[in-house]
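J.: For reference, the sequence and a predicted model appear below.
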Amino acid sequence: MVELKTDTSIDAMHAAGQVVGRALTAVRRAAGVGVSLLELDEVAREVLREAGASSPFLGYRPSFAPTPFPAVICASVNDAIVHGIPTRYRLHDGDLVSIDCGATLDGWAGDSAISFTVGRPRPADLRLVETAERALAAGIEAAVPGNRVGDIAHAVGRVCRTAGYGIPHGFGGHGVGRRMHEDPDVPNEGRPGRGLPLRPGMVLAIEPMLIASGKDAYYAAEDGWTLRTADGSRAAHVEHTVAVTESGPRILTARETP
């Protein structure tokens, strides 16, 4: 069931989304060669604490997970696509990092993700991240009343496939509200004009996930959470929480440019 949010509720979700944006900005600024993923998780925790927000990630346990998630960020490095658990791993020069973060504030959730390189970037990684951002922008542009979920999925998938990248099947965006994951599912590939009609008040997380090799295969790592590319190629993941409004898409997790 899809809940339509009021303008007041969307404003409250925007407040939660701004906490997420600040956390991601702080994590990106702190990331550098030699910094551990656990240290980045602590940076995000501090932002949430200062805002009086809680983490919808911490302790989250969906049906596929063997254990509750132990952190407030997902930290996925190089061939990890999504859901990476922060560890003592220290970032190396040239690593490609994806950070996913959420916040719950006054009962409303926000969810967003960024990808970036550490140290001297590989040109191929920069192209991958830039394409992921373009796919996200295309998906957001399609999030207008009168369109359907399939129009968002098609917009995202077209950018990814045209650039020659793979898309992990079965993982994509979702509704957001009182809970981090709500209906509807928002795939990263689909047919235009299909799926649930978009109506003002719908709030969606749009989140492209790209695999550099152009292949779609992935596997779950031993921790039961991290999804890795089957061929070891690199991956990128970006995300915004977006409200569908009469005046156009409203990005609730917009953040400062570092």
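T.: Received, thanks.
J.: G32 in helix, strand or coil?
T.: Counting by DSSP: H, G, I helix; E, B strand; the rest coil, the backbone at G32 sits in coil.
J.: Excluding covalently adjacent residues, which one is nearest to it?
T.: Spatially, and ignoring its direct neighbours in sequence, G32 is nearest to V118 (6.3 Å; Cβ to Cβ, 6 or more residues apart in numbering). Where you see a C-beta, it was placed from the backbone N, CA and C, and this is true even at glycine.
J.: count of residues packed around that neighbour?
T.: Residues lying near V118 (other Cβ atoms under 10 Å) number 19.
J.: Let me see the contact set for it.
T.: A31, G32, V33, L91, H92, D93, G94, D95, L96, V97 (Cβ atoms under 8 Å, 6 or more residues apart in numbering).
J.: Export these as CSV, with columns for neighbour count, distance to A230 and pLDDT.
T.: Shown next, in CSV, are the contacts of V118 (neighbours: other Cβ atoms under 10 Å; distance: Cβ to Cβ, whole Å; pLDDT from 0 to 100):
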residue, neighbour count, distance to A230, pLDDT
A31, 22, 26, 98
G32, 13, 30, 97
V33, 13, 28, 98
L91, 20, 24, 98
H92, 12, 22, 98
D93, 12, 26, 98
G94, 14, 22, 98
D95, 20, 20, 98
L96, 24, 17, 98
V97, 25, 20, 98
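J.: ok, which pair from these is furthest apart?
T.: G32 and L96 (14.1 Å; Cβ to Cβ).
J.: burial measure for the nearest residue in space to L58 that is not next to it in sequence, as a count.
T.: Nearest non-adjacent residue to L58, counting by Cβ to Cβ, 6+ apart: V72, 5.2 Å away. The number of residues packed near V72 is 27, by other Cβ under 10 Å.
J.: What of G248?
T.: G248 has 12 neighbouring residues, counting by other Cβ under 10 Å.
J.: so where's this structure shaky on pLDDT?
T.: 257-258 (pLDDT under 70).
J.: Can you name the residues in contact with the helix or strand harbouring L204?
T.: Using DSSP states H and E, L204 sits in strand 203-206. With Cβ under 8 Å, 6+ apart as the test, strand 203-206 has contacts from 5, 10, 13, 111-112, 136, 139-140, 143, 152, 156, 173-177, 184, 186, 239-244, 252.
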